[in-house]
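Enquirer: need coordinates for the following:
(one chain, ligands or ions: 1)
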Amino acid sequence: MTNQTSQDDLPIGYGLRGRCPRCGEGQLFQGFLSLRPACEQCGLDYGFADAGDGPAVFVILIGGFIVVFAALIIEIVYQPPYWVHAVLWLPLILIVTLAPLRLVKGLLIALQYHHEAAEGRLASRSDM
Ligand SMILES: [Zn+2]
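Expert: Below you'll find the model as predicted:
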């Protein structure tokens, strides 16, 4: 059972745009990363949404790879003084971590909604 979406229309675009994963109209965020309590269009309760550390982990791993790889290449090829590294990589670290964080959080919440992912629970014997 899926939530009014089929396997063919994953709400990835809704998530990347920060929209409600069910209707695609309402806003998901009310601040930079904080969620609204519910969708103002369709009323979907965003209480299910818990991306946890997922967005930060993806952003750190991908952004870290980009910055470290670039710093290594620049150091090997040009061997600049250390202040050049500070001037180059500190702003790049901010760009590659803060810019995609909201996109990744929206995407993970949309996928969580689509796949009905939730915290694990123990099933009682009557459920079997
Ligand atoms: Zn909605």
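
Enquirer: what about I60, how many residues nearby?
Expert: Applying other CB atoms under 10 Å, we find 14 residues neighbouring I60. All C-beta spots, glycine's among them, are computed from the backbone N, C-alpha and C.

Enquirer: likewise G63?
Expert: So G63, with other CB under 10 Å, has 20 neighbours.

Enquirer: and V77, that one's in a helix?
Expert: Yes: counting by DSSP: H, G, I helix; E, B strand; the rest coil, V77 is found in a helix.

Enquirer: and for it, the neighbour number?
Expert: 8.

Enquirer: same check on L35?
Expert: Neighbour number of L35 under other CB under 10 Å is 19.

Enquirer: list the contacts for it?
Expert: L35 is in contact with L28, F29, Y46, A49, I109, counting by CB atoms under 8 Å, 6 or more residues apart in numbering.

Enquirer: list only buried entries from the residues you listed.
Expert: Buried subset of those (neighbour count, 16 or more other CB atoms under 10 Å): L28, F29, Y46, A49, I109.

Enquirer: wondering if the lowest-mean-pLDDT helix or strand in the chain reaches the ion at all.
Expert: One helix or strand of the chain scores below all others by mean pLDDT, DSSP states H and E: helix 12-16, with a mean of 89. No: using CB under 5 Å from the ion, helix 12-16 stays clear of the ion, coming no nearer than 8.9 Å.

Enquirer: related to what we said a few turns ago, just the contacts of L35 now: which is nearest E119?
Expert: Proximity of the contacts of L35 to E119 (CB to CB) peaks at A49, which lies at 12.1 Å.
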